[in-house]
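Chemist: What follows is a predicted protein model with its sequence.
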Amino acid sequence: MKIVVVGGSGLIGSKLVTKLGGQGHEAVPASPKTGVNTLTGEGVADVLVGADVVVDVSNSPSFEDTAVREFFETSTRNLLAAATDAGVGHYVALSIVGSDRLPDSGYMRAKVAQEKLVAASGLPYSLVHATQFFEFVQGILDAATDGDTVHLAPVLIQPMAADDVAAAVAEVAVGAPTNGTVEIAGPEQFRLDELGRSVLTARQDARSVVTDPGARYFGATLGERSLVPLDGARVASTSLDDWRAQAARQG
């Protein structure tokens, strides 16, 4: 099976290419590094020739509200048009748990716009909603930092390892289209402020966490369950301690 991985040079994309290739599929990474630019359309039609599945795990280079929306809408329209012309049988897009529950966030609004384009395309599709990655928790802390303090809301979060994200997306990609959404999450729930303290302590980071119920998350006000999946999510196996141990072994 030929599976084109858009964003195949990134964190999830590179892992996905490796996993699919190890399963015997022709996994083709598509990104500006491989001569494929979904914003301009350069190389898109060529890379999709003979493709059975397209998996979009790309991300915007800018999180500014207008720029991120333009990225996801333009990129997705170009990909969908080329996938339709190529007769692709399954279009998979990676999105975020809670994207439709956080309208204050420009990034989340852009992801919802992307999802709507995919669902309305007429192509058989699957949307995968993942919870936050362990690998990106540091970015959450940095975004919430003011001086020497990190302001985090005491809401639930259920993060997961990037390896588990890639494995789940690979499973969806080789399966039948769901024409709906699959949610995936890690095995443990934490309070976001407590997770922040744990991460800072593990990294010997001197910043302190302030528990702030009004703290925003990339522009959005959080509810108790904004960042955790609904019932029926696929739960991965890698715990935070497991992930930390693996990261330590890898240097």
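Modeler: Great, that's in hand.
Chemist: Tell me which stretches of this structure form strands.
Modeler: 2-6, 26-30, 53-56, 90-96, 125-130, 145-146, 149-152, 156-157, 181-185, 190-191, 208-211, 216-217, 220-221, 234-235 (DSSP state E).
Chemist: Check which helices and strands the last one sits against.
Modeler: Packed against strand 234-235, as judged by 3 or more C-beta pairs under 8 Å, 6 or more residues apart in numbering; DSSP states H and E, are the following elements: strand 181-185. For the C-beta atoms, the positions are set from N, CA and C on the backbone; glycine is no exception.
Chemist: what's in contact with the strand it packs on?
Modeler: Here strand 181-185 makes contact (C-beta atoms under 8 Å, 6 or more residues apart in numbering) with 97, 115, 126-131, 158, 160, 164-165, 168, 172, 228-230, 232-236.
Chemist: Give me the ChimeraX select line for the residues you listed, limited to the buried ones.
Modeler: Those of these that count as buried under 16 or more other C-beta atoms under 10 Å are selected in ChimeraX with:
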select :97,115,126,127,128,129,130,131,158,160,164,165,168,172,228,229,233,235,236
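Chemist: coming back round to it: let me have the strands of the chain in JSON lines, extended by mean pLDDT.
Modeler: Putting the strands of the chain into JSON lines (pLDDT from 0 to 100) gives the following:
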{"stretch": "strand 2-6", "mean pLDDT": "98"}
{"stretch": "strand 26-30", "mean pLDDT": "98"}
{"stretch": "strand 53-56", "mean pLDDT": "98"}
{"stretch": "strand 90-96", "mean pLDDT": "98"}
{"stretch": "strand 125-130", "mean pLDDT": "98"}
{"stretch": "strand 145-146", "mean pLDDT": "95"}
{"stretch": "strand 149-152", "mean pLDDT": "97"}
{"stretch": "strand 156-157", "mean pLDDT": "98"}
{"stretch": "strand 181-185", "mean pLDDT": "97"}
{"stretch": "strand 190-191", "mean pLDDT": "98"}
{"stretch": "strand 208-211", "mean pLDDT": "97"}
{"stretch": "strand 216-217", "mean pLDDT": "92"}
{"stretch": "strand 220-221", "mean pLDDT": "92"}
{"stretch": "strand 234-235", "mean pLDDT": "96"}
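Chemist: Quick check: buried residues in stretch 128-145?
Modeler: Neighbour-count burial for stretch 128-145 [16+ other C-beta under 10 Å]: 128-135, 137, 140-141, 144.
Chemist: Determine the set of other helices and strands touching the lengthiest helix in the chain.
Modeler: Criterion DSSP state H: the longest helix present in the chain is helix 65-86. Contact partners of helix 65-86 among helices and strands, from 3+ C-beta pairs under 8 Å, 6+ apart: helix 44-47, strand 53-56, strand 90-96, helix 106-119.
Chemist: I'm done for today, thanks for sticking with me.
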